[in-house]
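A.B. asks: my questions are about this predicted structure, shown below with the sequence.
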Amino acid sequence: MTPISINFADLNLPTLYPVFITTIGALLLLVIDLIKTPSKTFNTMFSIAVVLLSLLALLNTGVNQVGFFGLITIDGVSIIGQGIILVASALFLPLSLTSQRFHEFEYTEFFALFLFLVSGFQVMVSTDNIILMFIALEASSLALYTIIAMHNRDRSIEAAIKYFTMGSLAAGFFAFGGALFYLATGSVELEKSFFALQSLGTHNFEILLVSLALLMGAVGFKLSMVPFHTWTPDVYEGASAPLAGYMSIVPKIAAFVIAMRMFEFLVASDLEWIKTMLWIAAVATMTIGNILALVQESVKRMLAFSSISHAGFGLVAILVGTNDANTSLFLYWTLFMFANLGAFTMLWISRHKSKIFHNRFDHPYTKFSGMIHIAPIPAVIMAIFMLSLAGVPPFALFWGKFYLISATMAAGYIGLAVIMVLNSAIAVYYYIKLIVYMFLREPSYANRTIYMHNATLPFKFILAIAAFLSVFSIFIVNDLLTGFSALLKTSGF
């Protein structure tokens, strides 16, 4: 029997450092907890240090490297995707330092699960192997289900069960779609599969069509793509506000990277049925998300539906598939990260364990009536985030929408660009609606502490960063575009 020879140089350990750091950090937290239960402040600061150390390791990793025997790919897409994931995670963690006692942040397991969650998403964006994508997807999803339930409310447990049920269905789609994709192409590695597809012709066409439909459904679940979006408002409502904001950013950027790796080659190969599937998905997602956001009574549910609409804009970039479109997608999501996480943070600082304003919702529109008279600075900051999310110039997301629509028009999708503009106009209504309540209605509660109930110095620091970048993003847009475009070109995107 011939012995198996392993060349450890093929591990290329530096490509694994960012994931190793977050995984080992999570394990260390559990070991420390066995010795002596650490404080919430220690757990938070330790987790932030781990995330920042992982980000530093990522920035010191060279582009276009392969590690772990070819399973890990550190290309431009991976570096940008991991960067957004780690920055969003570093902004999320300080929100655990609340002035009120919330159960989940008292447990070390919360922070360990969060770091496992981050490492799973890091692997998702750093591989083109369908099996490893599936393992990373399930590892991150299982951690996320538990973290949602740890908010320890009936609605949170309900949200976790709904998310788990729908996520299990999506996992089945991904596993079955991946198996059929292997049957059609003979490989589970996307790059090798695409070379096989070039010589496939009409052979196994039906199998390929079914496999890609299933894979799109699985990825669409993470993106809240219509018709796989129904879980989103209920899960966001049951989760804590900062976790809902985090879920609107990080799982979606990981799903966008997977979609980019899976579908953009097929788009470039002029497969019309793939383009049609993506066109319908993008238009339906941005339009239905907007329409449903219009009729919400809760600001949190409005933001949930608006995140669905924003995902529809991102799908347009996958359809267009050019370097400009991909660059615009990452710019869009980076700017969306600051504005949306800032908006959810504003909900978090006014969070009460008892429902003061509504018998169901924590954050009805009426809660913010006349806020400008009671808490003017928070009202102005919330207005900044709403204007940014609406894409009003010169606020942050205007530039994301501007460059994405420009890339769409340059690729010849004029009709799609018009639909994007119309949806942007619709979105202005429900974002401005909150501003009207804050600035033009009479106060419903004459106590400033209601709106700053949960505020701490870390919260104010995060809000200051998010608000500053939402207002003055024009000064970083060109640098982000140049950097993202250069990284994507080196990787063939």
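C.D. replies: Good, I have the coordinates.
A.B. asks: residue boundaries of the helices in the stretch 351-493 of the chain?
C.D. replies: Secondary structure of the stretch 351-493 of the chain, counting by DSSP state H, counting those that start in this stretch: helices at 371-374, 376-390, 396-410, 414-440, 457-471, 474-490.
A.B. asks: just checking, what packs against the third one?
C.D. replies: Secondary structure elements in contact with helix 396-410, counted by 3 or more C-beta pairs under 8 Å, 6 or more residues apart in numbering; DSSP states H and E, are helix 299-320, helix 323-349, helix 376-390, helix 414-440, helix 457-471, helix 474-490. All C-beta spots, glycine's among them, are computed from the backbone N, C-alpha and C.
A.B. asks: swap in 7 Å and give it another go.
C.D. replies: Where contact means 3 or more C-beta pairs under 7 Å, 6 or more residues apart in numbering; DSSP states H and E, helix 396-410 is packed against helix 299-320, helix 323-349, helix 376-390, helix 414-440, helix 474-490.
A.B. asks: touching it from outside, list them.
C.D. replies: With contact meaning C-beta atoms under 7 Å, 6 or more residues apart in numbering, helix 396-410 is reached by 313, 316-317, 320, 322, 324-325, 328-329, 331-332, 335-336, 338-339, 388-389, 391-392, 416-417, 420-421, 424, 469-470, 473-474, 477, 481.
A.B. asks: low-confidence ranges in the stretch 51-200 of the chain?
C.D. replies: Where the stretch 51-200 of the chain drops to pLDDT under 70, the residues are 152, 196-200.
A.B. asks: same thing with the stretch 351-493 of the chain?
C.D. replies: For the stretch 351-493 of the chain, applying pLDDT under 70 flags the ranges 352-360, 445-449, 492-493.
A.B. asks: can we see that at 80?
C.D. replies: Low-confidence segments of the stretch 351-493 of the chain, defined by pLDDT under 80: 351-363, 444-456, 490-493.
A.B. asks: if we can go back for a sec, ok, of the contacts of helix 396-410, which come out buried?
C.D. replies: 313, 316-317, 320, 322, 324-325, 328-329, 331-332, 335-336, 338-339, 388-389, 391, 416-417, 420, 424, 469-470, 473, 477, 481 (16 or more other C-beta atoms under 10 Å).
A.B. asks: so which elements touch the lengthiest helix in the chain?
C.D. replies: Longest helix in the chain, counting residues (DSSP state H): helix 154-185. On a contact count with 3+ C-beta pairs under 7 Å, 6+ apart, helix 154-185 meets helix 130-149, helix 190-198, helix 205-223, helix 232-238.
A.B. asks: which one of those lies nearest to residue 158?
C.D. replies: Ranking those by proximity to residue 158 (C-beta to C-beta) places helix 232-238 first, at 5.8 Å.
A.B. asks: tell me the first helix or strand C-terminal of that closest one.
C.D. replies: Note on helix 232-238: by DSSP states H and E, the next helix or strand toward the C-terminus is helix 241-247.
A.B. asks: what's in contact with that following helix?
C.D. replies: So helix 241-247 is in contact with 88, 92, 95, 147-148, 236, 239, 300, 340-341, 344-345, 347-348, 351, going by C-beta under 7 Å, 6+ apart.
A.B. asks: residue 77 - that's part of a helix, no?
C.D. replies: Yes: assessed with DSSP: H, G, I helix; E, B strand; the rest coil, residue 77 lies in a helix.
A.B. asks: what's near enough to touch it?
C.D. replies: 125, 257, 260, 488, 491, 493.
A.B. asks: looking at the contacts of helix 241-247, which has the most residues close by?
C.D. replies: Neighbour tally across the contacts of helix 241-247 (other C-beta atoms under 10 Å): the maximum, 30 neighbours, falls on residue 344.
A.B. asks: what's the local residue count around residue 460?
C.D. replies: By other C-beta under 10 Å, 16 other residues sit near residue 460.
A.B. asks: gap between it and residue 379?
C.D. replies: 15 Å (C-beta to C-beta, to the nearest Å).
A.B. asks: middle-most residue in this structure, spatially?
C.D. replies: In the chain, the residue lying closest to the centroid (C-alpha atoms, centre = their mean) is residue 249, at 2.3 Å.
A.B. asks: and that one, what does it touch?
C.D. replies: When the contact criterion is C-beta under 7 Å, 6+ apart, the partners of residue 249 are 88, 336-337, 340-341.
A.B. asks: go again using 10 Å as the cut-off
C.D. replies: Counting by C-beta atoms under 10 Å, 6 or more residues apart in numbering, residue 249 touches 84-85, 87-89, 91-92, 307, 310, 333-334, 336-338, 340-341, 344.
A.B. asks: ok, residue 121 next?
C.D. replies: Residue 121 makes contacts with 19, 22, 81-82, 84-86, 88-89, 136-137, 139-140, 143-144, 250-251, 253-255, 257, as judged by C-beta under 10 Å, 6+ apart.
A.B. asks: now it: closest residue in space, sequence neighbours ignored.
C.D. replies: The shortest distance from residue 121 to any non-neighbouring residue, by C-beta to C-beta, 6 or more residues apart in numbering, is to residue 254 (4.6 Å).
A.B. asks: and the one you found, what element?
C.D. replies: Residue 254 belongs to helix 250-268 when elements are defined using DSSP H and E.
A.B. asks: got the angle between that helix and helix 205-223?
C.D. replies: Note on geometry: by axes from the mean of the first three to the mean of the last three C-alpha atoms, to 10 degrees, helix 250-268 and helix 205-223 are set 150 degrees apart in direction.
A.B. asks: helix 250-268: what's the following helix or strand?
C.D. replies: Reading on from helix 250-268 to the C-terminus, the next helix or strand found by DSSP H and E is helix 272-294.
A.B. asks: by contact count, what packs against that following helix?
C.D. replies: Packing partners of helix 272-294 (3 or more C-beta pairs under 10 Å, 6 or more residues apart in numbering; DSSP states H and E): helix 205-223, helix 232-238, helix 250-268, helix 299-320, helix 414-440.
A.B. asks: now for those helices, which one comes closest to residue 451?
C.D. replies: The nearest among those, by C-beta to C-beta, is helix 414-440 at 9.9 Å.
A.B. asks: tell me the gap between that closest one and the middle of its chain.
C.D. replies: On the basis of C-alpha atoms, centre = their mean, to the nearest Å, helix 414-440 sits 21 Å off its chain's mean C-alpha point.
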